[in-house]
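In: quick one, fold the following:
(2 chains)
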Amino acid sequence: MGEINGHAILFLFFGILTCLFSLAVVFSSNVVRMAFYLILALAATSGLHFLAGADFVGAMQLVLYVGGTLVLLVFGVMLTAQNPFISLRTAGGDWVVAAMVGGILLVILIPVAFQVGLPPTEASQLGGRADREAVTSTDPVSVPTATRIGLGLLGVPGDDVSGYLLPFEIISIHLLVVLVGAAYLARAKRRVTVRDTPGTADV
Amino acid sequence: MSQFLINQLGLYPLLVQALMAMLTASLILGVIAGGSVVFIWMERKVAGRIQDRLGPTRVGGKFGWLQTLADGIKLLAKEDLRPEGADALLFRIAPYVAFCASYGSFIALPFATGWVGLDINVAVFFVVAVLGLEVFGVILAGYASASKWSLFGAMREAAQVISYEVPLGLCVVIPVMIAGTMDLTKIANLQAGWFTNWYLFHDPFAFIAFFVYYTCALASVNRAPFDLAEAESELVAGFHTEYSGLRWSFFFMAEYGSMFLVSALGSILFLGGWNGPIPLAEWVFGQHASGLSGFAFVVANLLGLTVFMSKAVLCVTVMMWIRWTFPRLRIDQVITTCWKYCTPISAVMFVGVINWQLLGLPNGSDLLPHHQLGVRQLPGAVREGAFGKNQLMPQAQSRDEKSARHKEALPAPLHAVSDRGES
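Out: Numbering: from 1, shown residues only, chains lettered A, B, ... in the order given. Now for the predicted structure:
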């Protein structure tokens, strides 16, 4: 570890950004600012994914989480548009509960983080060369992460993976049903009134 | 080049990495800034000609070349205003958010074979994902301005962008599916050769999908006839009503950057990227730019860069043409266009292309003989490493063998069992 490692610097950079923006989400009192900090924290997390070489997961993080927060932001704006810059004060009891839940999660996560182990040193890299070669090999099936994820999801014959096609399909149908239901519940019930007063439909 | 700096000049690898990153970053910044200077001038000229005017004529000579520069200096000199009720932090930061999203997606956009800021193999996905973040800047600007016009504009933009990401995504998936990779460089290289290899001419479904893509791209970058977020006849200037000076110009750089980006993405996905209508570089140098090295590679890539830029600029020009030709849609018409027309059409095109691929119907490259023999021999195979045909074929065979071995290992299929039972 004598030489400065660019990867480590970037990791620290994105890690500190994530932490800072997460803290900003907690300590900010404006809904829209909270959502904005949340976006930045999630974007920094996707930076960590990219840094770890999981580019598909990183891009997915951007689409799903950051894009999902967009909706949150819109709702925040819509809810506070009547009374601009409404501030949400957190009550004392909530702080205690939140700190407890967060603390428990931290207690679970820290041992897990240490079980994964420290980044490989020079000696252990030489020792575990076979592992490294397996990871960085140019086997046609295992090169791009997206291809590997896709094949793993489908469980292509030839790979020793059972595949997740059926759960994926079940989730898709479930989401579709939820979407249709939501659209049905939220639709404008205008047609009845139009029938009642003919002629106003064109106005 | 980085190897040269490390080995010959004895610089720290980290320093060299940082230098190369900064060089790439400033080149991309140059593309966006230079691009918006040219495009704003072009927009004025196109608008002028369409409205039977001349457009700018005086600044910088005959055609008003330097009009944008003059505008830029004027913008720099303007006062940086902020409304009294505004959320100061978000108001200041919003233009940069919009600009960073536009800038971020340029990182993964290749300009020719190997000439890309960051070569990631999910580049298509990355570009679409990051481009979708531009709307954050608009929403933040609309909210933080403490102005009803701005807020209306921002809400419209949010509804529009969230809706149009669906058909846009479906259309983007079509070339990805034909190519079998999400790497933009590989997608473009697979379309090398004559123009019949372009995915636009792959099959009728892909042809229609390009136009749906273009419509959705127009909407997602907030251009007329979908520019409801800044509808000047109703909302003064929409989300940027309260902005002035440099911050305002950041919104415009983001807009023109995104216009160029979706055009460039469209030309890579459907119009063959840096491969010209005729394989000129292949005639001169004997093979495609991706197989060349040294001086020939640079020349072939410069040619490719010119072709690529021409295609992208042509698409941007058509966007301007559309802007000054079509009237603006109402918000309900915008949403109707998305959910009742673009989404179903793109879904049908998606299924159509799937079936075209599945049935192995002849595609555009079959119109001309002797083209890309190696690629079509692999229906449905994972075509990573396009143009490494020597490597590609053994890989494919090994995959087949692997699955064949797997089949042997499995118990006999059901129909075989039933056959045995009958006999």
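In: and the residue of the stretch 201-350 of chain B found nearest chain A, backbone torsions?
Out: Of all residues in the stretch 201-350 of chain B, residue B:339 sits closest to chain A, at 9.9 Å by Cβ to the nearest Cβ. Yep, even glycine has a C-beta here, placed from its N, CA and C like the rest. With angles defined as degrees, to the nearest 10, residue B:339 sits at phi -80, psi -30.
In: what's the closest non-adjacent residue to it?
Out: Of all residues not flanking residue B:339 in the chain, residue B:163 sits nearest, at 6.5 Å (Cβ to Cβ, 6 or more residues apart in numbering or on different chains).
In: can you give me the pLDDT of that neighbour?
Out: Residue B:163 is assigned a pLDDT of 83 by the prediction.
In: do you know how far it is from residue B:135?
Out: Counting by Cβ to Cβ, to the nearest Å, the separation of residue B:163 from residue B:135 is 11 Å.
In: which one's more surrounded, these two?
Out: Set residue B:163 next to residue B:135 and count neighbours by other Cβ atoms under 10 Å in any protein chain shown: residue B:135 wins out with 26 against 20.
In: count the neighbours of residue B:344 for me.
Out: For residue B:344, the neighbour count with other Cβ under 10 Å is 12.
In: show the subsequent helix or strand relative to the helix or strand encompassing residue B:171.
Out: Per DSSP states H and E, residue B:171 falls inside helix B:148-179. The helix or strand immediately downstream of helix B:148-179 is helix B:184-189, counting by DSSP H and E.
In: remind me what that following helix packs against, helices and strands.
Out: Counting contacts by 3 or more Cβ pairs under 8 Å, 6 or more residues apart in numbering or on different chains; DSSP states H and E, helix B:184-189 packs against strand B:110-112, helix B:123-131, helix B:148-179, helix B:245-269.
In: for the third one, list every residue counted as buried.
Out: So the one you mean is helix B:148-179. By 16 or more other Cβ atoms under 10 Å in any protein chain shown, the buried positions in helix B:148-179 come out as B:149-176, B:178-179.
In: ok, now the last one?
Out: Residues B:247-269 are the ones in helix B:245-269 that count as buried (16+ other Cβ under 10 Å).
In: and the next helix or strand after that helix, how far out from the chain middle?
Out: As assigned by DSSP H and E, the chain's next helix or strand after helix B:245-269 is helix B:280-285. Here the centre of mass of C-alpha atoms in helix B:280-285, compared against the chain's by Cα atoms, centre = their mean, to the nearest Å, lies 26 Å away.
In: ok, now stretch B:188-202?
Out: Per Cα atoms, centre = their mean, the centroid offset for stretch B:188-202 relative to its chain is 17 Å.
In: and that stretch, how far apart are its ends?
Out: Start and end residues of stretch B:188-202 are separated by 13 Å (Cα to Cα, to the nearest Å).
In: what is the rounded mean pLDDT of it?
Out: The predicted model assigns stretch B:188-202 a mean pLDDT of 79.
In: list the buried residues of it.
Out: Buried residues in stretch B:188-202, counted by 16+ other Cβ under 10 Å: B:188-202.
In: ok, longest helix in the chain?
Out: I went with chain A, as the question did not name one. In chain A, with assignment by DSSP state H, the single longest helix is helix A:92-116.
In: nope, chain B
Out: If you go by DSSP H, chain B has its longest helix at helix B:13-50.
In: ok, back up a step: residue B:332 is in contact with the residue nearest to residue B:339, correct?
Out: No: using Cβ atoms under 8 Å, residue B:163 is not in contact with residue B:332, being 11.7 Å away.
In: with respect to residue A:112, which of the helices and strands packed on helix B:184-189 lies nearest?
Out: The minimum distance between residue A:112 and those falls on helix B:123-131, with 28.4 Å, by Cβ to Cβ.
In: and the next helix or strand past the closest one?
Out: Going down the chain from helix B:123-131, the next helix or strand is helix B:134-144, by DSSP H and E.
In: quick one, whichever helix or strand residue B:218 is part of and helix B:123-131 angle?
Out: Element membership of residue B:218 [criterion: DSSP H and E] is helix B:204-220. Angle, helix B:204-220 to helix B:123-131, by axes from the mean of the first three to the mean of the last three Cα atoms, to 10 degrees: 20 degrees.
In: counting contacts, what elements does helix B:204-220 pack onto?
Out: Helix B:204-220 sits against helix B:148-179, helix B:245-269, helix B:294-323, helix B:343-359, with contacts defined as 3+ Cβ pairs under 8 Å, 6+ apart.
In: need the contact list for residue B:84.
Out: Going by Cβ atoms under 8 Å, 6 or more residues apart in numbering or on different chains, residue B:84 touches residue B:146.
In: so what pLDDT did residue B:215 get?
Out: As predicted, residue B:215 sits at a pLDDT of 90.
In: leaving out sequence neighbours, find the closest residue to the residue nearest the centre of chain B.
Out: In chain B, the residue lying closest to the centroid (Cα atoms, centre = their mean) is residue B:265, at 2.1 Å. The shortest distance from residue B:265 to any non-neighbouring residue, by Cβ to Cβ, 6+ apart, is to residue B:127 (5.9 Å).
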